[in-house]
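K.L.:
Here's a sequence, model it:
(2 chains)
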Amino acid sequence: MTGIHHMLVHIPVGFWALAALLVLVGALGRGRPAEIAQAALLPLLILSLLGAMAAIVTGFLVWPWQANLYSPLARNHILMSLWSLGVWAMVAVLVWRAGAAAFTGARRWALVFLALLGGVLFAITGTLGGHLAGAPTAFSKILGALGWNVYTTFYVPGWVLLVLLLIGLGCAVLGVRSGRKAA
Amino acid sequence: MHDWRIPTILGGLVLAMGLAWITQGTGVIHNDPERNIYIPGQLTMPLQVKVAYNPEQIFFRYRWPADQAYVYHDMLRFADGEWIRHGNSRAGPDPDNTYEDRVTMLVDDGGVPEFARYGGYITVGANARFFTDSATPADVTAHPHLGKTLGQSDVRKHLPDTRQDISDWRTVVDADALQAQREVGYFLDLWHWRAGRSNPVGMSDDQWIGEHRHGDAGQGPYTTNWDSDAKQPLWMFDPEATGIHALRWEDIQANRVDFDAIYYLAETFAIPFDATRNWQNGDVIPRRLLREGAGSRGDIRVHGDARWRDGYWDVTLVRSRDTGKPLDDKMFRDQGSYTLGFAVHRNATGSRWHYVSHPYSLGLGRDADIQAVAFEGSEPDWSQAWFETTLFYPGQVNWPLLISRAHAGSADIAEGKPVHPRHSEEQLAHYGVEMEFNEAIIRQWWLTLAAGLFLLAGVLVGLWFSFSPTRQGDRP
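P.N.:
Residues are numbered from 1 along each chain as shown, chains lettered A, B, ... in the order given. Here you go, the predicted model:
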């Protein structure tokens, strides 16, 4: 399964890199290139999500599940890959919902931000995958300089978990309440 | 209409991610003496090594940094009529400065093939002493071999094939098999220099590892200075020879070290303990009596003076290349290739609170990681460059874990792939620490993963209405 996983991860990595570029062109560019980028983004994102899910499923099968849980690097790889999937799934849903309007007003800045966040997360995911495959890169040194040694598990203390939940809940409530007002 | 929700929601996402980044890795790892857990402040340290040999002897020189020298070890302090022991093994540094510095070296000549690939990890079996799940003294004492035959009460280093099932320390193979293993060289030679219990008399302890950590045959460089019936020392300082009856507790607490003064008790200046003497609170007598090693256990000696100076220990040990005791020692022969594993105890720590190395090869005229330099005469000139290596805190990782399905590299181990190209010292140190809190970290990691996804879901819901395709009042 290792070889298949290594092959499949190139789909989300390549597609998400391209998707980030399309978001930038679609949100910040003008004219025909921007229109093409906007039109191509959603199909690309759908394909990337399918590829990512296949890559994640095969990734889970590379080692026994207990080995995945016991390895700090594997834990980090799983967390970052699922967070990457979450961010890009959000981008896909928002683009699907808003269509061309997703690239207008304040929405385009939201897309740009989410694309950059998704780009950082999948870069980290790929870096961790490189470590697991025995091919570490210098990118992990940058992460270390920024305060995270990738050989230690990425987890947050209990009070931060609560803050994350509250912020997530607050965002949802904010959206729902203003949505009702608009209706 | 200006949609203020988008910047607010994105601001919340930035805040949450930033907070997660800043606080990651905190809240779980902490010292916990009840679970035998103490995490050293520094997880790695350097060690320098040089090796030289003449036709008869081989010399190992070690140099490593240490903020202070710890030479006092296992002391008896007089207080209100009682002798109180200070310096038995504990989790982490000894608070009374009564635990010695040490350098140890495992040696193999090919008799233990896994050692060249995985180093000291292979000697860490299940339920080792000072692990959180260490075997109870009662269980070990009751064991027919470790307890009844060897008189032990804890599980120490041992080699995998000395057990029928390496994940069960009780399954020691029978005595005939153990003897046969030893005769074919399935044991590791252990050089064990101690700053308190061997260095003052110019000795290193000489041990070996088979189904347990054994001393070589003969007399070790120390014995116990304690009368358990009378609850007092057996020996005291000879005031005529030393000018003192006892050390003083305030000197030990201040860790005042003078290598040219008396800081240990040795046979050459000890007399039988006098209980009638007017002992004062704060008088201290070492619980260990040093003596000349003899027999196979006395093979390794300190060459010159092993001293701590200017923040570094500099220790040279010497031994006959062929001791004539093949059941206790590994012989160093011309054109021989060997595997070495080093460890250092410093900062008043004992037991498993040491720093260990990857395995390294040693060559006598052969290409190797460490080249032993041949010379004529009795004194190496040490003109060669140091072999520089990094030692790491190993935490609680044992061999049964490494060969189990819980270790992603177990298949590599089964295929004989070595550890060194795969894991750096820094990586192994962090893994070792995390393994001490594995269950708690896994739980917190799951919660972090879920909380992050919940956060993203909340952001999506928050942005949902802002991404309506027909929002009234939008300005493209």
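K.L.:
Does the one residue sitting closest to the centre of chain A belong to a helix, a strand or coil?
P.N.:
Closest to where the C-alpha atoms of chain A average out (CA atoms, centre = their mean) is A:Ser84, at 2.2 Å. Secondary structure for A:Ser84, judged by DSSP: H, G, I helix; E, B strand; the rest coil, is helix.
K.L.:
Okay, now the unreliable bits of the stretch 251-400 of chain B?
P.N.:
Along the stretch 251-400 of chain B, no part satisfies pLDDT under 70.
K.L.:
for chain A, same thing?
P.N.:
Where chain A drops to pLDDT under 70, the residues are A:182-183.
K.L.:
per-domain residue ranges of it.
P.N.:
Residue ranges for the domains of chain A, per automatic domain parsing: A:2-152, A:157-183.
K.L.:
looking at those domains, which is buried most?
P.N.:
domain A:2-152 (a mean of 19; mean count of other CB atoms under 10 Å in any protein chain shown). To be clear about C-beta, it is placed using only N, CA and C from the backbone, and glycine gets the same treatment.
K.L.:
residue contacts, the closest residue to chain A within the stretch 351-476 of chain B?
P.N.:
Residue nearest to chain A within the stretch 351-476 of chain B (CB to the nearest CB): B:Gly458, separated by 2.9 Å. Neighbouring residues of B:Gly458 by CB atoms under 8 Å, 6 or more residues apart in numbering or on different chains: A:Ile167, A:Gly168, A:Leu169, A:Gly170, A:Cys171, A:Ala172.
K.L.:
Please flag which of the residues you listed sit within helices.
P.N.:
Judged by DSSP state H, the contacts of B:Gly458 include A:Ile167, A:Gly168, A:Leu169, A:Gly170, A:Cys171, A:Ala172 as members of helices.
K.L.:
Reformat these as JSON lines; add distance to B:Pro7.
P.N.:
JSON lines is the format used below for those (distance: CB to CB, whole Å):
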{"residue": "A:Ile167", "distance to B:Pro7": "14"}
{"residue": "A:Gly168", "distance to B:Pro7": "17"}
{"residue": "A:Leu169", "distance to B:Pro7": "19"}
{"residue": "A:Gly170", "distance to B:Pro7": "14"}
{"residue": "A:Cys171", "distance to B:Pro7": "12"}
{"residue": "A:Ala172", "distance to B:Pro7": "17"}
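K.L.:
Also near chain B: which of those, exactly?
P.N.:
By CB under 8 Å from any CB of the partner chain, the members of the ones in helices among the contacts of B:Gly458 lying near chain B are A:Ile167, A:Gly168, A:Leu169, A:Gly170, A:Cys171, A:Ala172.
K.L.:
circling back to that earlier point, may I see the domains of chain A organised as CSV, with distance to B:Trp169 added?
P.N.:
Shown next, in CSV, are the domains of chain A (distance: least, CB to CB, whole Å):
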stretch, distance to B:Trp169
domain A:2-152, 21
domain A:157-183, 36
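K.L.:
Which among those is found nearest to B:Asp412?
P.N.:
domain A:2-152 (9.6 Å; CB to CB).
K.L.:
Wait, B:Trp226 touches B:Pro233, no?
P.N.:
Yes - between B:Trp226 and B:Pro233 a contact is recorded at 6.3 Å, counting by CB atoms under 8 Å.
K.L.:
Which of these two has more residues huddled nearby?
P.N.:
For the pair B:Trp226 and B:Pro233, the greater number of neighbours falls to B:Pro233 (24 against 21), based on other CB atoms under 10 Å in any protein chain shown.
K.L.:
For the more buried one, which residues are in contact?
P.N.:
Contact partners of B:Pro233, counting by CB under 8 Å, 6+ apart, are B:Leu76, B:Trp83, B:Asn225, B:Trp226, B:Asp227, B:Phe273, B:Ile285, B:Arg287.
K.L.:
In chain A, spot the helix with the most residues.
P.N.:
Counting residues, the longest helix in chain A under DSSP H turns out to be helix A:31-60.
K.L.:
for chain B, that is, sorry about that
P.N.:
Secondary structure of chain B per DSSP H: the longest helix is helix B:438-464.
K.L.:
Now do the buried residues in it.
P.N.:
Neighbour counts over helix B:438-464 (16 or more other CB atoms under 10 Å in any protein chain shown) mark B:438, B:441-442, B:444-445, B:447-449, B:451-464 as buried.
K.L.:
Quick check on B:Ile262: phi, psi?
P.N.:
The phi and psi values for B:Ile262, taken as degrees, to the nearest 10, are phi -90, psi 120.
K.L.:
which residue packs closest to it, ignoring adjacent ones?
P.N.:
Take B:Ile262 and drop its neighbours on the chain: the residue closest to it by CB to CB, 6 or more residues apart in numbering or on different chains is B:Thr242, 5.1 Å away.
K.L.:
go on, B:His192?
P.N.:
In this structure, B:His192 finds its nearest non-sequential neighbour in B:Asp205, 4.0 Å apart by CB to CB, 6+ apart.
K.L.:
List the contacts of that neighbour.
P.N.:
Contacts of B:Asp205 by CB under 8 Å, 6+ apart are B:Trp191, B:His192, B:Trp193, B:Arg194, B:Arg197, B:Ser198, B:Gly215, B:Gly220, B:Pro221, B:Gly293, B:Arg297, B:Ile300.
K.L.:
Using pLDDT, spot the least trustworthy of those.
P.N.:
Among the contacts of B:Asp205, B:Gly293 has the lowest pLDDT, at 92.
K.L.:
Nearest the geometric middle of chain B, what residue?
P.N.:
What sits nearest the mean C-alpha location of chain B, by CA atoms, centre = their mean, is B:His354, with 2.9 Å.
K.L.:
Looks like that residue contacts B:Gly341 (just checking).
P.N.:
No - the pair B:His354 and B:Gly341 fails to qualify as a contact (CB under 8 Å) at a distance of 11.4 Å.
K.L.:
sorry, back to before: distance of the residue nearest to B:His192 relative to chain A?
P.N.:
As judged by CB to the nearest CB, to the nearest Å, B:Asp205 and chain A stand 35 Å apart.
K.L.:
need the helices for the chain, in chain order.
P.N.:
Because you didn't say which chain, this covers chain A. Shown for chain A, the helices assigned by DSSP H span residues A:2-8, A:10-28, A:31-60, A:65-70, A:72-98, A:105-132, A:139-145, A:158-182.
K.L.:
my bad, the chain I had in mind was chain B
P.N.:
B:5-23, B:113-118, B:137-142, B:175-183, B:239-242, B:249-253, B:399-402, B:410-414, B:425-435, B:438-464.
K.L.:
Of all these, which one comes closest to A:Leu94?
P.N.:
Nearest to A:Leu94 among the helices of chain B is helix B:438-464 (6.0 Å), distances taken as CB to CB.
K.L.:
picking up where we left off before, minimum distance to A:Leu69: which of the helices of chain B has it?
P.N.:
Judging the helices of chain B by CB to CB, what sits closest to A:Leu69 is helix B:438-464, at 5.5 Å.
K.L.:
how far does that closest one sit from the chain's center?
P.N.:
Relative to its parent chain, helix B:438-464 has a centroid offset of 38 Å by CA atoms, centre = their mean, to the nearest Å.
K.L.:
Which pLDDT value belongs to the residue of the stretch 351-476 of chain B closest to chain A?
P.N.:
With respect to pLDDT, B:Gly458 scores 97.
K.L.:
Tell me the spacing between it and A:Lys181.
P.N.:
Using CB to CB, to the nearest Å, we find B:Gly458 at a distance of 19 Å from A:Lys181.
K.L.:
now B:Asp96, nearest residue through space, not along the chain?
P.N.:
Excluding the flanking residues, the one nearest B:Asp96 by CB to CB, 6+ apart is B:His86, at 4.5 Å.
K.L.:
from what I can see the one you found touches B:Thr98, true?
P.N.:
Yes - using CB under 8 Å, B:His86 is in contact with B:Thr98, at 4.4 Å.
K.L.:
anything in contact with each of these two?
P.N.:
Joint contacts of B:His86 and B:Thr98 (CB under 8 Å, 6+ apart) are B:Asp74, B:Met75, B:Ile252.
K.L.:
Which one of those is nearest to B:Ala91?
P.N.:
Closest approach to B:Ala91 among these (CB to CB): B:Asp74, at 16.7 Å.
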